[in-house]
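Asks: Sequence and predicted structure are below.
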Amino acid sequence: MQETPMLFPMAPAEFWKQIKSTVEEVVKANINQTSFQPPTDHLPEKALLKLSDVCAVFQVSKPTLYDWLRQNKIKSFKIKSRRYFLRTDIEAMIHQHQHSTAETKS
């Protein structure tokens with residue numbers, strides 16, 4: 001690569017080193033800010049949510065949701081052969097996640 005003359009008092013190698021450092025800091029900050037926080041306004045207005053509704057809210061697959069159930073990360077109950085989730089439980093999970101994320105950032 002051919003060196004281009006620069007019009008400020010800094011060696012080109014030092015300039016590019018500072019640019020690289022600044023870009024890395026901005027990328028890290030953006031990655032930390034874009035952690036997934038599912039919005040509660042996407043929750044259906046029903047008191048009971050189906051498995052597919054909860055998958056859509058958290059943007060996860062059904063196997064992932066079943067893993068969460070086995071790990072007791074999420075509560076559900078069955079009526080006959082169908083599994084349901086309380087809307088209030090899902091909202092509480094979301095608020096708890098948002099609260100814990102806010103604490104780790106500060």
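Replies: Perfect, I can see it now. Numbers count the residues shown, from 1 in each chain.

Asks: List the contacts of the helix or strand containing residue 78.
Replies: Assigned by DSSP states H and E, residue 78 belongs to strand 77-79. Residues from elsewhere that reach strand 77-79 (C-beta atoms under 8 Å, 6 or more residues apart in numbering): 83-84. C-beta coordinates here come from the backbone N, C-alpha and C atoms, glycine included.

Asks: and the next element down the chain from it?
Replies: Under the assignment DSSP H and E, the closest C-terminal helix or strand after strand 77-79 is strand 82-86.

Asks: hang on, the earlier thing: from the chain's centre, how far out does the strand holding residue 78 sit?
Replies: Distance of strand 77-79 from its chain centroid, counting by C-alpha atoms, centre = their mean, to the nearest Å, is 28 Å.

Asks: partners of that strand in the sheet?
Replies: strand 82-86 (antiparallel) (DSSP bridges).

Asks: Show me which parts of the partner strand are buried, residue by residue.
Replies: 84-85 (16 or more other C-beta atoms under 10 Å).

Asks: Quick check: mean pLDDT of that strand?
Replies: Throughout strand 82-86, pLDDT has a mean value of 92.
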